[in-house]
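Enquirer: Pasted the sequence and its predicted model underneath.
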Amino acid sequence: MTQAGLVVLISGNGSNLQAILDAISTGELPAEVRAVISNKKDAYGLERARKAGVPAVVKSRRSDQNRAEYDTELANLVAGYQPDLIVLAGWMRLLTLNFLGRFPGRVINLHPALPGMFPGVDAIERAYEAYHRGEIKYTGIMVHYVPDEGVDIGPIINQQIVEIRPSDTLEELEMRVHACEHELLVKTIQQLINQMEEEDA
Ligand SMILES: Nc1nc2c(c(=O)[nH]1)N[C@@H](CN(C=O)c1ccc(C(=O)N[C@@H](CCC(=O)O)C(=O)O)cc1)CN2
Ligand SMILES: NCC(=O)N[C@@H]1O[C@H](COP(=O)([O-])[O-])[C@@H](O)[C@H]1O
């Protein structure tokens, strides 16, 4: 079987992309990143892709485009790489069925909160604030499918609790969350590749 082909969508730093690239480089992850696509031209993750020799593509939304039109063009772009799996790794745009409907069962998203907690943006900061209001004792992360236009409610693939310590600064909590994400995302992709190979056998 040819190696599993990934397309990774990002909007920012790309530390989770880097975890994928590193795992591929060491042989831990039997896959190839066929393209990295960002909606933000200044996303540092694009530089990470270039350094790894991976196509780094900026796909900005034109001012005259609505969300659905953008998503159709984005889907055409992604489809051109014939991905087995599309990984939303800090992709900060809600996707419509114009995109999701083109890749049923093949879009996964990494989110820095536990299911049902802090959907959307700024999840780590919101968890930090909730902890200091005494509302939660810990936070977590999850990787889920993105089957439809619901936000952070797709079927959970993996999740993990992340400790919050009383002495934590927000930055220290963010670092702990990201370190856990890097490990969980690679593990999840490996798991899904194994499932695909078993289905193809
Ligand atoms: N249909 C879905 N699309 C996406 C999902 C999802 O669960 N369903 N997950 C996101 C990633 N994400 C949370 O995990 C998320 C990212 C961004 C937003 C959001 O409100 N974005 C705003 C723009 C915010 C900005 O530009 O700073 C928007 O799209 O209008 C919510 C959730 C990926 N896509
Ligand atoms: N709602 C989606 C969301 O908040 N995603 C989060 O964006 C960060 C991207 O970091 P990275 O660019 O360093 O990989 C990650 O923490 C990811 O879970």
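Expert: Good, I have the coordinates. Ligands and ions are numbered 1, 2, ... in the order given.
Enquirer: Please make it C-alpha for all contacts and neighbour counts, starting now.
Expert: OK.
Enquirer: Where does pLDDT dip in the protein?
Expert: Low-confidence segments of the chain, defined by pLDDT under 70: 1.
Enquirer: Which residue ranges of it form strands?
Expert: Here the chain has its strands, by DSSP state E, at 4-10, 31-38, 56-58, 85-88, 107-111, 138-145, 156-163.
Enquirer: which residue is nearest the middle of this structure?
Expert: In the chain, the centroid-proximal residue (Cα atoms, centre = their mean) is residue 89; its distance is 2.2 Å.
Enquirer: Any residues of this protein in contact with ligand 1? List them.
Expert: Residues of the chain lying close to ligand 1 by Cα under 6 Å from any ligand atom are 91-96, 109, 111, 120-121, 146, 148-152.
Enquirer: which of these are buried?
Expert: With neighbours counted by 16 or more other Cα atoms under 10 Å, the residues of the chain next to ligand 1 contain buried members at 91, 92, 95, 96, 109, 111, 146, 148, 149, 152.
Enquirer: List the ones among the residues of the chain next to ligand 1 that fall in helices.
Expert: Using DSSP state H to define helices, no part of those is located there.
Enquirer: any idea which of those is closest to residue 47?
Expert: Among the residues of the chain next to ligand 1, residue 91 lies closest to residue 47 (Cα to Cα), at 15.8 Å.
Enquirer: contacting residues for that closest one?
Expert: 9, 10, 11, 12, 38, 39 (Cα atoms under 8 Å, 6 or more residues apart in numbering).
Enquirer: from those, which are also near ligand 2?
Expert: Answer for these near ligand 2 (Cα under 6 Å from any ligand atom): residue 12.
Enquirer: of all the residues in the protein, which ones are close to ligand 2?
Expert: Checking the chain against ligand 2 by Cα under 6 Å from any ligand atom, the hits are 12-17, 89-90, 92, 110-112, 120-121, 178.
Enquirer: and which of those is nearest to residue 54?
Expert: For those, the nearest to residue 54 is residue 17 (11.2 Å; Cα to Cα).
Enquirer: so the closest one makes contact with residue 89?
Expert: Yes - between residue 17 and residue 89 a contact is recorded at 6.6 Å, counting by Cα atoms under 8 Å.
Enquirer: between the two, what contacts are shared?
Expert: If you check residue 17 and residue 89 against Cα under 8 Å, 6+ apart, the residues they both contact are 8, 10.
Enquirer: Kindly provide the distance from residue 74 to residue 106.
Expert: Going from residue 74 to residue 106 by Cα to Cα, to the nearest Å gives 15 Å.
Enquirer: swap in residue 27?
Expert: 22 Å.
Enquirer: Counting neighbours, go ahead and name the busier of these two.
Expert: residue 106 (18 against 10; other Cα atoms under 10 Å).
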